[in-house]
Structures are given as C-alpha cells and as structure tokens.
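>>> okay, sequence plus prediction incoming.
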Amino acid sequence: MPTSVLILASSYDSATFYTRSWAHKLRDDLLRRKHICLFLDVESLCSAGITLSGAIDRADFIVFYGHGTTDRWIAMPSGAGNPAVPLVDVAGVNVLKGRRIYSGCCDSLGPRSGHSGYALGDAFRNQFSAAPFIGYHSKFEFEFSNHDEFGSIVNSSVVNYVSGATAQQTSKDLAVEWDGLRHDFANGRLKNAPNAIMAAQLADNNGRHIGYVP
Amino acid sequence: VYDNNIDDREAEDILTALRAWAIGHPARDQPFMAVMEFAIDDGSPVLVTPLEFLHSVEDKTDIGLSFMRFVVSQSRRYGVPAAEFVYRAVEANKFPPISEQDR
C-alpha cells in the first residue's frame, strides 16, 4: 500500500536553491517506489491561497527542506523592512496534525543539552506525544560544490523513514551515514574533491546534531 | 599560541595551506558553504566565502577554531599531516569539475 508524503521546499537563496533540487530528486525517488507524493513550493503556499492544512490532511509524512530556527520553519525571508514569514511555528504547530515529520533544516529540536521549551520539535511532542519528529539539534550544514553528496544522504534517510524505519532507527542510520561521508571527504573516495576537508567537517557536524522526538 | 591543544607549528602549517586555498580559490568571494540558519537579527542565511572562512580561522572564531580542531583530529585519526588535508583542496581547485571546464 503506498504511503503519502508531502514535501515542502523553499528556494529563495543560494542555499535553498540546492535543497529544492534535492527535494525534486526525493520526489522522483518516492514516486518510483510507488508512493504518493505531494510537492509544494513553500512560497506559493503563501501567495496562491493554498492552505498548508489542506495539504497536510492528505499526507502521512511531512518533509520540510529549507531554513529554520529553533521555533519555526521559514516560508519567506525578511525584506524591505518586513520580518520573515513562518511556515509553521511553535504557536501553530497543531497544523502538523500529528503527522510523521522530517525536518531538513537547522535547530528544530533545540539544543541537545537541555530542553529550551521553545523548540518546534518540543512543541510538536507536547501536542502529539506519540508522533515522531526527526530534526537537528543545531545547524544543518552543507558545502556547495559537493551538495549532491549531502543531498543523497538526506534523501536516502527520508526514503528509509517513509519505507517503515522508526524515527530512532532513521536517526541512528543517518548519523552513521554522515560519519561515512565525513570519512569519504577526509580520507576516502572523495578526499580530492573541491573543499573536501571543509565538507568533511560539515558532514561530521550534521552527524552529531541529528536527533528525534519523542 | 593558536590553541592549547594544537601544536603551534602544526597550526601555522594549516594556516599557510588555508591561505593558499582561499587566495587561489576560483570563487574566493562567492559562498561555498551554507549553514541553514536564519540569523535572528537580519533574517539572512549564513553563507561563507573562502576568504571569510580563512579570516574566521585566523581570528579563531567559533567556526574557525572548530575547523582547526577538526583538521587536527582527522590528522591524528588517519596519520596524515594536518596541512595535507588543506593542500588536497588547493590541488582540487586547479582542476575544476568537467562541467565547469566546459562552460
């Protein structure tokens, strides 16, 4: 039986330009695996009158690729004197309706050492105690010239999650994958890639910061 | 003293290599890495250019110091001189990917 996945992706700067390309590849991969996949550009959610709630009603999983802070996913950046627009924040986390969440951005779980009480993942757990939320306890980072390597690991972990792995197992597997990429860049198959040692450190950081609730 | 946990000569070797990497980088003024963070103050994501990265290591910022410590840790792990990791990146910049050569 196919699983339904909603992918939310933004693309308004050089970083999210790359992550949206990952999101497109993820959609293609999930469709090839016979899953149902809804793909929404986050910016159009705001501008075209499509409700996030209506899309979430139709999904088992929600995957977000973009920018985030501890207490929100960002839909639009600040500009012209106006603040950034959240897609989802701690005050409105109920819109996620207890779906299984994969948060591909910074800080959704708050600091690993102690609960901030304001983190999006914490707010989600407080609303939906049994529903899993995968995210990062600190910054999610990648290096541009090797972005495909980073994107492949993120996308594979989403496929693993959607295919039935628990949040705990997905998080554990992903930490192993990030460490493998660290090795590849530091002294393995990718050691002669551009900016390899810098990419190795970012992969290492990602592996130490991945986590989940509950 | 760069850092109490890093040999001074090793730190200087890494910095020398990093200067060669940043200054010789084909896109030294363009971001090469992203932190998917939204700075609270101005709403801008953190994008780092090679020159900014070099300066962060020279100035021992959090990013710079953690990079230096990471390179040294990888040196110990693999038995490779620390600066060699950076010189690999210097060499890689001399041979851009085929897709860029074709442009």
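In hand now; what should we look at? Numbering: from 1, shown residues only, chains lettered A, B, ... in the order given.
>>> how many neighbours does B:Arg88 have?
Around B:Arg88 there are 23 other residues, counting by other CB atoms under 10 Å in any protein chain shown. Using the backbone N, CA and C atoms, a C-beta is placed for each residue, glycine as well.
>>> brain fart, A:Ser44
When counting by other CB under 10 Å, one arrives at 11 neighbours for A:Ser44.
>>> A:Pro86 too?
Residues near A:Pro86, counting by other CB under 10 Å, number 18.
>>> strands of the chain, start to end?
You didn't pick a chain, so chain A it is. Along chain A, counting by DSSP state E, strands occupy A:4-9, A:36-41, A:61-65, A:68-69, A:72-76, A:85-89, A:100-104, A:133-136, A:141-143, A:210-213.
>>> chain B, not that one
B:33-38, B:45-48.
>>> worst mean pLDDT among these?
The minimum mean pLDDT among the strands of chain B belongs to strand B:33-38 (a mean of 64).
>>> re the thing from before, can you add mean pLDDT and distance to chain B and give the strands of chain A back as JSON lines?
Shown next, in JSON lines, are these (pLDDT from 0 to 100; distance: least, CB to the nearest CB, whole Å):
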{"stretch": "strand A:4-9", "mean pLDDT": "92", "distance to chain B": "12"}
{"stretch": "strand A:36-41", "mean pLDDT": "86", "distance to chain B": "17"}
{"stretch": "strand A:61-65", "mean pLDDT": "96", "distance to chain B": "9"}
{"stretch": "strand A:68-69", "mean pLDDT": "89", "distance to chain B": "5"}
{"stretch": "strand A:72-76", "mean pLDDT": "88", "distance to chain B": "6"}
{"stretch": "strand A:85-89", "mean pLDDT": "92", "distance to chain B": "10"}
{"stretch": "strand A:100-104", "mean pLDDT": "97", "distance to chain B": "8"}
{"stretch": "strand A:133-136", "mean pLDDT": "97", "distance to chain B": "8"}
{"stretch": "strand A:141-143", "mean pLDDT": "92", "distance to chain B": "5"}
{"stretch": "strand A:210-213", "mean pLDDT": "96", "distance to chain B": "13"}
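>>> those strands: which one's closest to B:Ala22?
strand A:141-143 (14.4 Å; CB to CB).
>>> A:Leu87 reaches A:Pro77, doesn't it?
No: look at A:Leu87 against A:Pro77 with CB atoms under 8 Å: they stay out of range, at 11.9 Å.
>>> quick one: the helices in the chain, in order.
This is for chain A. Assigned by DSSP state H, chain A shows helices spanning A:14-32, A:42-47, A:52-56, A:120-127, A:147-162, A:167-187, A:196-209.
>>> sorry, should have said chain B
Under DSSP H, chain B gives helices at B:8-23, B:50-58, B:62-78, B:82-94, B:98-101.
>>> follow-up on the earlier one: lowest mean pLDDT across the helices of chain A, which one is that?
Among these, helix A:42-47 scores lowest, with a mean of 74.
>>> quick revisit: adding distance to A:Asp179 and mean pLDDT, write the helices of chain B out as TSV.
Below are those laid out as TSV (distance: least, CB to CB, whole Å; pLDDT from 0 to 100):
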stretch	distance to A:Asp179	mean pLDDT
helix B:8-23	22	96
helix B:50-58	23	93
helix B:62-78	12	94
helix B:82-94	17	96
helix B:98-101	28	51
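>>> nearest to A:Ser21, out of those?
A:Ser21 lies closest to helix B:98-101 among these, at 14.3 Å (CB to CB).
>>> which residues does residue 30 contact?
Just going to use chain A. Residues in contact with A:Leu30 (CB atoms under 8 Å, 6 or more residues apart in numbering or on different chains) are A:Val5, A:Cys37, A:Val158, A:Val159, A:Val162.
>>> not quite, I wanted chain B
Shown in contact with B:Gln30 (CB under 8 Å, 6+ apart): B:Thr49.
>>> and it, what are its phi and psi?
Torsion angles at B:Gln30 (phi, psi; degrees, to the nearest 10) stand at phi -110, psi 140.
>>> now it: how far from A:Thr16?
16 Å (CB to CB, to the nearest Å).
>>> what do you get for A:Gly180?
Taken as CB to CB, the span from A:Gly180 to A:Thr16 is 25 Å.
>>> just want to know which of these two has more residues nearby.
A:Thr16 (24 against 14).
>>> I'd say the more buried one and A:Ala9 touch.
Yes: counting by CB under 8 Å, A:Thr16 touches A:Ala9, with 7.5 Å between them.
>>> residues shared between the contacts of the two?
In contact with both A:Thr16 and A:Ala9: A:Tyr65, A:Gly66, using CB under 8 Å, 6+ apart.
>>> just give the number of residues close to residue 71.
No chain specified, so I'll use chain A. Count around A:Asp71 with other CB under 10 Å applied: 21.
>>> should've been chain B
Using other CB under 10 Å, B:Val71 has 27 other residues around it.
>>> quickly note the distance from it to chain A.
As judged by CB to the nearest CB, to the nearest Å, B:Val71 and chain A stand 6 Å apart.
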